[in-house]
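Peer 1: Sequence and computational prediction follow.
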Amino acid sequence: MIRYPVMALLAGLCFSALSEPVELNIDDEYRRLLAAGHYTRAVRVADEMTLLAPESDKARFYLLYANRKAGTPVPDWIDQWPKDESDEYYENLAQEFGLVP
C-alpha cells in the first residue's frame, strides 16, 4: 500500500513545480501593466498574487502600490502594511522591488 503516499508525493512535487512559473508570469504581467500605465488592471493582477501568497509582503505591497497608482481604495481586508503613507516611501519600495528605475 505504498502506492498512495508515493502518488501524494508526486502530486505535491508536480504542483510545486508548476506554481513557481505561474507566480513569475503573474509578476511579469504586473510589471508590464504598471509600465504601460494600466493601473486598474495591475490592481486585479496584484489581488490575484495576494490570493496565491497571502503572507507575501511583496504581494501585499504590489496590491497597495497598484491601488495607490490607480487612485482606488485599498481593500479593507488587507493588513495596513506598509504603515508610512508618504509618496517617497512608496517610491522607494517600488524601486526596491524593481517596479520603477
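Peer 2: Received, thanks.
Peer 1: Show me where this structure has its helices.
Peer 2: Using DSSP state H, the helices assigned to the chain run over residues 3-36, 39-52, 57-70, 87-96.
Peer 1: Comparing those helices by mean pLDDT, which bottoms out?
Peer 2: Among the helices of the chain, helix 3-36 carries the lowest mean pLDDT, a mean of 64.
Peer 1: Near residue 75, how many residues? Count them for me, please.
Peer 2: 12 (other CB atoms under 10 Å). Any C-beta I mention is one placed from the backbone N, CA and C, and that applies to glycine too.
Peer 1: can you pull the contacts of residue 68?
Peer 2: Counting by CB atoms under 8 Å, 6 or more residues apart in numbering, residue 68 touches 74, 90.
Peer 1: how much space is there between it and residue 28?
Peer 2: 21 Å (CB to CB, to the nearest Å).
Peer 1: Repeat that for residue 93.
Peer 2: Relative to residue 28, and taking CB to CB, residue 93 is found at 19 Å.
Peer 1: These two - which one has more neighbours?
Peer 2: Neighbour count, other CB under 10 Å: between residue 93 and residue 28, residue 93 has more, with 19 against 11.
Peer 1: can I assume that one is in contact with residue 62?
Peer 2: No: taking contacts as CB atoms under 8 Å, residue 93 lies outside contact range of residue 62: 10.0 Å.
Peer 1: Residue 95: how many residues sit nearby?
Peer 2: So residue 95, with other CB under 10 Å, has 11 neighbours.
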